[in-house]
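In: Sequence and predicted structure are below.
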Amino acid sequence: MERLHVIVLVILLIALAVTLVRLRSLLAIAILTGVYSLIMAVVYTLLDAVDVAFTEAVVGAGITLTLMLAAISLTTRRETKPGKRKGQRIVGAATAIVAGVALIYATTDMPGLGIQDAPIHRHVAPYYIETGPTETGVPNIVTASLASYRGFDTLGEVTVIFTAGISVMALLWRWGKDDR
Amino acid sequence: MSEVLTYITEHAVQWGAVILLMLGLYIVMTRGNLIKKVIGLNIFQTAVFLLYISIGYVLDGAAPIVLEGAERYSNPLPHVLILTAIVVSVATTSLALALIVRIQEAYGSIEEDEILEHGET
């Protein structure tokens, strides 16, 4: 049953993405991206990834939407109608379809959704599930590996955010100019 | 018949992720509006996230938080990877949007064609 719920929501996500391809109003597109992120968060919850769902709801539906709305208010609200770009559209569609067919061919070899003895669940994951909570003292295994086992990786992640923040400041800060 | 149905239900989420990926790629390649390109990139990224999370899922498993009486948990390692990836994707999105705002100030447009024309004259 859980699988069916996920499949229905994924179909909803695809419908939303198709709408996003066709819409021209950037404001509507930005708001629909927020809806998309929230549905994605529900899918993550159904797939037992509660921490990821939390982050997606806060970051995807919250922060990204706010940033999009700010960018739209500073630029323009409508996408102008694209001119004669039929060739580009054909190339884009062909590339997407070739990539998609190759990937779908690749999924035929993958273990199905939720198979309990798939290779990924038998390799290192049992070690972290068994010893993680006792070694770190944190009952949430995701938090344990994020902050403890992969602490340096998280430090790198913080560096990325810091760099992005500095770059955004450098781009948008008006250094000593009062011409606006 | 039921074997085919089982196969479809087991792989439908992966196919859905691939279709989302195709749609994101299509937006990035064919739309000239820069904000729309960023949104296409976001769809592309969430498709990859969905694929990873679906790999980590275990039927009848609990969320990976220690619970009395839970027999099996979902795999926590894809969750950790994707948490990092989501945060990095927000950082790249914010940087892209800041660049778009600067492009609007410099060229008066965020449409690819108009920016190219502006550069030629």
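Out: Received the coordinates, thanks.
In: Relative to B:Asp113, how far out is B:Leu34?
Out: According to C-beta to C-beta, to the nearest Å, B:Leu34 stands 11 Å off from B:Asp113. All C-beta atoms are positioned from the backbone trio N, CA, C, and that covers glycine.
In: What mean pLDDT does stretch A:168-180 get?
Out: Stretch A:168-180 carries an average pLDDT of 75.
In: Just the element for the residue in chain B that chain A sits nearest to, please.
Out: Using C-beta to the nearest C-beta, the single residue of chain B nearest to chain A is B:Glu10, 2.6 Å away. B:Glu10 belongs to helix B:2-30 when elements are defined using DSSP states H and E.
In: Any buried residues in that helix, and which?
Out: Neighbour-count burial for helix B:2-30, counted by 16 or more other C-beta atoms under 10 Å in any protein chain shown, picks out B:9-30.
In: ok, residue 71 - how many residues close by?
Out: Answering for chain A, as no chain was given. 25 (other C-beta atoms under 10 Å in any protein chain shown).
In: actually chain B
Out: Residues lying near B:Glu71 (other C-beta under 10 Å) number 8.
In: Please apply the same query to B:Ala98.
Out: Residues near B:Ala98, counting by other C-beta under 10 Å, number 21.
In: follow-up on the earlier one: packing partners of the helix holding B:Glu10?
Out: Helix B:2-30 sits against helix A:2-22, helix A:86-107, helix B:34-56, with contacts defined as 3 or more C-beta pairs under 8 Å, 6 or more residues apart in numbering or on different chains; DSSP states H and E.
In: which stretch among the ones you listed comes nearest A:Ile161?
Out: helix B:34-56 (15.8 Å; C-beta to C-beta).
In: Let me know whether that closest one sits next to chain A.
Out: Yes. Against chain A, helix B:34-56 shows contacts by C-beta under 8 Å from any C-beta of the partner chain at B:35-36, B:38-39, B:42-43, B:46, B:49-50, B:53-56.
In: Return that helix as PDB; C-alpha atoms alone will do.
Out: C-alpha atoms of helix B:34-56 as PDB (Å, rounded to 0.1, in the frame of the first residue of the first chain):
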ATOM      1  CA  LEU B  34      17.100  32.600 -16.700                       C
ATOM      2  CA  ILE B  35      14.800  32.200 -13.700                       C
ATOM      3  CA  LYS B  36      13.000  29.400 -15.500                       C
ATOM      4  CA  LYS B  37      16.300  27.700 -16.100                       C
ATOM      5  CA  VAL B  38      17.100  27.800 -12.400                       C
ATOM      6  CA  ILE B  39      13.700  26.200 -11.700                       C
ATOM      7  CA  GLY B  40      14.400  23.500 -14.300                       C
ATOM      8  CA  LEU B  41      17.700  22.900 -12.500                       C
ATOM      9  CA  ASN B  42      15.900  22.500  -9.200                       C
ATOM     10  CA  ILE B  43      13.500  19.900 -10.700                       C
ATOM     11  CA  PHE B  44      16.500  18.100 -12.000                       C
ATOM     12  CA  GLN B  45      18.100  18.000  -8.600                       C
ATOM     13  CA  THR B  46      14.900  16.900  -6.700                       C
ATOM     14  CA  ALA B  47      14.600  14.000  -9.200                       C
ATOM     15  CA  VAL B  48      18.000  12.800  -8.200                       C
ATOM     16  CA  PHE B  49      17.100  13.200  -4.600                       C
ATOM     17  CA  LEU B  50      13.900  11.200  -5.100                       C
ATOM     18  CA  LEU B  51      15.900   8.400  -6.700                       C
ATOM     19  CA  TYR B  52      18.400   8.200  -3.800                       C
ATOM     20  CA  ILE B  53      15.700   8.300  -1.100                       C
ATOM     21  CA  SER B  54      13.700   5.600  -2.900                       C
ATOM     22  CA  ILE B  55      16.800   3.400  -2.900                       C
ATOM     23  CA  GLY B  56      17.200   3.700   0.900                       C
END
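In: Which strands and helices lie in contact with that helix?
Out: Packing contacts for helix B:34-56, counted by 3+ C-beta pairs under 8 Å, 6+ apart, involve helix A:2-22, helix A:26-46, helix A:65-74, helix B:2-30, helix B:76-107.
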